[in-house]
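> I need the structure of the sequence given here:
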Amino acid sequence: MNPSPKPETTPNVDAAEIAHFNRMAKLWWDPHGKMGQLHAINDLRLAFITDRFQGASPRVADVGCGGGILAEALARAGARVTGVDLSELSIEIARQHAQESGLQIDYRLMGVEALVAEEAGQYDVVTCMEMLEHVPHPDRIIGHCAQLLKPGGVAVFSTINRTFKAWAFAIIAGEYILGLLPRGTHTYSKLIRPDEMRQWAGAAGLAFQASSSLMYNPLTRKFRVAPGREDINYMACFSKPR
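Here you go, the predicted structure:
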């Protein structure tokens, strides 16, 4: 009998991307700075996630947690949160801010592959927001997120569509004109089309549930959620069969 395959533990990481987020680490908790867009959309992201699972105190893995902006919101909503990231400085910032905020969040300096090796099938919810476009193999990240889920659990991903409109608005306008994000945050070729995400999720055994776009109004400088759209910035929810 052939031995069962060993879990993949090699991080799926781009060293240049980690260096970039290490440089930005101190910006995470400045709502008026270069990471301000994440603060502006955080309540919208949280509502999209919490509307799609039931039960008190779900166990949540936030993959690519960065400085902890979403992880803290999930913890305040009653979730038991584990946040993983490969940016050491971001994890340090996240731990410090959670302690100052009186929140119990389990932050770990590791990739999702290592978390799967330790805790496969242990999570009710997995979130992976604004991360897939920063790794060499986003399909593998989706597969590992699926492995973390319990039967009946949900995974929520967000990224940017790979279209001319997304390039014009998210990269050129967002980074170089409006300054919503630091320049160089995104590379067009790494952006992900919704059909690609659904294909990868399906291959990982996940079923598509819903999607929404985060639409930005430059006049009001505010975001809104557009259910069913996958325009520029979009979120998608998938479930693991019971």
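
> helix, strand or coil for residue 157?
strand (DSSP: H, G, I helix; E, B strand; the rest coil).

> so what's it up against?
Residues counted as contacts of residue 157 (CB atoms under 8 Å, 6 or more residues apart in numbering) are 127, 128, 129, 132, 142, 145, 197, 201, 235, 236, 238. Just so you know, the C-beta spots here come from the backbone N, C-alpha and C atoms, and that holds for glycine as well.

> just curious, which of these is nearest to residue 214?
residue 235 (7.1 Å; CB to CB).

> any low-confidence regions in this structure?
Applying pLDDT under 70 to the chain flags the ranges 1-26, 167, 169-186.

> and the strands in it?
59-63, 80-85, 106-109, 123-129, 149-160, 207-217, 222-227, 233-239 (DSSP state E).

> what sits up against the shortest one?
Spelled out, it's strand 106-109. With contact meaning CB under 8 Å, 6+ apart, strand 106-109 is reached by 65, 68, 71, 81-86, 88, 91, 94-95, 98, 115.

> are any of the residues you listed buried, and which?
Among those, the ones that count as buried by 16 or more other CB atoms under 10 Å are 65, 68, 71, 81-86, 91, 94-95, 98, 115.

> about what we covered before: residue 47 is nearest to which of the strands of the chain?
Residue 47 lies closest, by CB to CB, to one member of the strands of the chain: strand 222-227, at 7.5 Å.

> buried ones in the closest one?
residue 223.

> who's in contact with it?
40, 41, 44, 47, 48, 210, 212, 213, 214, 215, 216, 217.

> please check the residues you listed and keep the buried ones.
Applying 16+ other CB under 10 Å to the contacts of strand 222-227 flags 40, 41, 44, 48, 210, 212, 213, 214, 215, 216 as buried.

> of those residues, which is the nearest to residue 162?
Within the buried ones among the contacts of strand 222-227, the smallest distance to residue 162 is 14.2 Å, found for residue 213 (CB to CB).

> thought the closest one was touching residue 166?
No - in this structure, residue 213 is not within contact of residue 166 by CB atoms under 8 Å, at 10.5 Å.

> quick check: neighbours shared by those two?
231, 232.

> and the contacts of strand 106-109, which is closest to residue 158?
Nearest to residue 158 among these, counting by CB to CB, is residue 65 at 13.3 Å.
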